[in-house]
Structures are given as structure tokens and as C-alpha cells.
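K.L.:
Show me the folded form of this:
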Amino acid sequence: MVVFVCEDSPEGIFTGVYDAWNSRLGHENVRLEVQGEYNYSLFSEYREVAVDRLKAQKVVRSVRRSLSELAYSWIYRTALSEREDRAEAVYRFLVCGFSAGAAGRRITENLQIPAVQTVFQINRAVANEAHLQTEFLRFAEYSDHVLFSEIGPKNRVTALLMPYFTDRLPSEPFIIYDKNHQEAGVWTGKGRWYMMRGAETEPLQAFSGRTDQSEYAALWSAFFHQIGIKERENPACQRMHLPLRYRKYMTEFQSGSNRSNLAKL
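P.N.:
Got it, this is the predicted structure:
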């Protein structure tokens, strides 16, 4: 068994797909893993995969041309997942799709195939988290008129959030900082948005937990607290619609009074 070890990014995983496929070793003799998330096994050969944007783009073009745009969106979201088997899941899905010939254009309809069902489930989980973040994400404005938001998602959803917010805030420079994965999406108010990763995001950590609008934040938090009807409180229902892990990044849960209320839930 030859294991292709990919960088933890969509480009890295797609490069791994290209190299594994192009190795001509046979699909049953190769496996894809993400760097730092695998256990060495006996009698396996490990090959490090260097990110190659040209190879990744070839994979993307082939998927869009021979399968479908929906199939591409599925594997892209899967590559953004935190599942340990995400790289292998993408590869097995593409093997099924390209092996089906003309029927591969309908591969996303064949959920009875385990490889397709796995990618469908991972894709859905990532898409759902991105959707929730569009509702729960909070911006704060700083003195240089830049909007800043800190989030802590399970999956790498920042790249999925950027098109949504650039469409709604076309002239407002903003930064969405993913604290868990040390990456950020940056929009300057013109041109194209871009991503920062790893050490590039270190200067952004100074913004974490700080705001130049503390008075407005306090007003919003007080409003949120006061409009509640005590007799109709339903903590279980609230947790279902607003999971606790999102709340530490939301303005209305930042004041001391609301933190104490949160602790009671």
C-alpha cells in the first residue's frame, strides 16, 4: 500500500488525488492521508505530496467537465472538513464518479454507494456549519473602519463565508478570523478577497477580544437580555437552535450578566 500524504488544504488534497491517480499503482493499492493526522502502518510506503496548483486545477477542471458542478462543490466542502478521512473520502468518491463513464454526471444521485454517501454526509455537515455561521457571526468596527469577526468553527468554513459577506458588505473592509484553524479571510472593499493562514494571521490575534465599540456592545447585550420573557424561557430549545460553542464569539453573550446566564444553561 502506498500512502500519499497531502497538505491540509483543498489544493493539497486535490494535488494528492492527481499524484495518486497518475501513479498507475491501481486504486486498491493507494490511500490518501492528511499531514499530521495519520498513524504509520507496517508494510506501507509513505510519499509526501507537495502542493501544486496546476495539478489541483487539472483535477477541478476534470470534475467540473466530466462529473458536475455539484460534485465539485461536494468534494471542495469535504476537503474543508476536519474529518480524518477527508482526503481518502474525496479520492474514493472521484474513483466512483470517473469509473462510471457517462453516468458519472449523476454520481451525486447514487447515495447507495458508500463512497458517495460518505462525501454527501461530510459535505452536508460543513455546509450546515457555514450556514449557521452566517447567522451567528458578529462584527466589531475598529478605529481604522475595519470590521473584524472572530469565530471558532469545527471545520474550515471561512472560505465559504467570504462570498456571502462580500456580497452583503461590498464597500466595507472586513476580516473573518478563524481562531481554531489559524486562518483568516480578508476583504479590502475592492478587488478580490483572499485568505491568510498560519503565521500570517499572528498580527490578527491582537484584535481578538478587543473592540472600539464597547458602549454599543453593552447596549446590544442589555437589549438582548431585557427582551426575554422569563416565564417563557426554554434553555433546551435555545441550545438546540443556538449551540453553546457559538456563544462565546457573540456580542450578546459577552457581558458579565449574560455570561452568568449562560453558565446556568
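K.L.:
What score does residue 263 have for pLDDT?
P.N.:
As predicted, residue 263 sits at a pLDDT of 40.
K.L.:
Spit out the contact partners of the nearest residue to residue 183 once chain neighbours are set aside.
P.N.:
Nearest non-adjacent residue to residue 183, counting by Cβ to Cβ, 6 or more residues apart in numbering: residue 197, 4.5 Å away. (C-beta placed from N, C-alpha, C; glycine too.) Applying Cβ atoms under 8 Å, 6 or more residues apart in numbering, we find residue 197 in contact with 9, 182, 183, 184.
K.L.:
In strands, which of the residues you listed fall?
P.N.:
Residues of these located in strands (DSSP state E): 183, 184.
K.L.:
Now rank the contacts of residue 197 by neighbours and give me the top one.
P.N.:
Within those, most neighbours by other Cβ atoms under 10 Å means residue 184, with 25 neighbours.
K.L.:
Test my guess that it contacts residue 201.
P.N.:
Yes: using Cβ atoms under 8 Å as the test, residue 184 is close enough to residue 201 to be in contact (5.0 Å).
K.L.:
if I look at these two, which residues touch both of them?
P.N.:
Between them, residue 184 and residue 201 share these contacting residues under Cβ under 8 Å, 6+ apart: residue 177.
K.L.:
residue boundaries of the helices in the protein?
P.N.:
Along the chain, the segments classed as helices by DSSP state H run 10-22, 53-62, 69-79, 86-99, 114-136, 158-168, 214-226, 235-241, 244-247, 256-264.
K.L.:
For the longest one, give the mean pLDDT please.
P.N.:
Confidence over helix 114-136 (mean pLDDT, whole number) is 97.
K.L.:
Which of the residues in it are classified as buried?
P.N.:
For helix 114-136, the neighbour count (16 or more other Cβ atoms under 10 Å) marks 115-116, 118-120, 122-123, 125-127, 129-130, 132-133 as buried.
K.L.:
and if you look at the second one?
P.N.:
Neighbour counts over helix 53-62 (16+ other Cβ under 10 Å) mark 55, 56, 58, 59, 60, 62 as buried.
K.L.:
how near is the last one to residue 197?
P.N.:
To residue 197, residue 62 is 26 Å away according to Cβ to Cβ, to the nearest Å.
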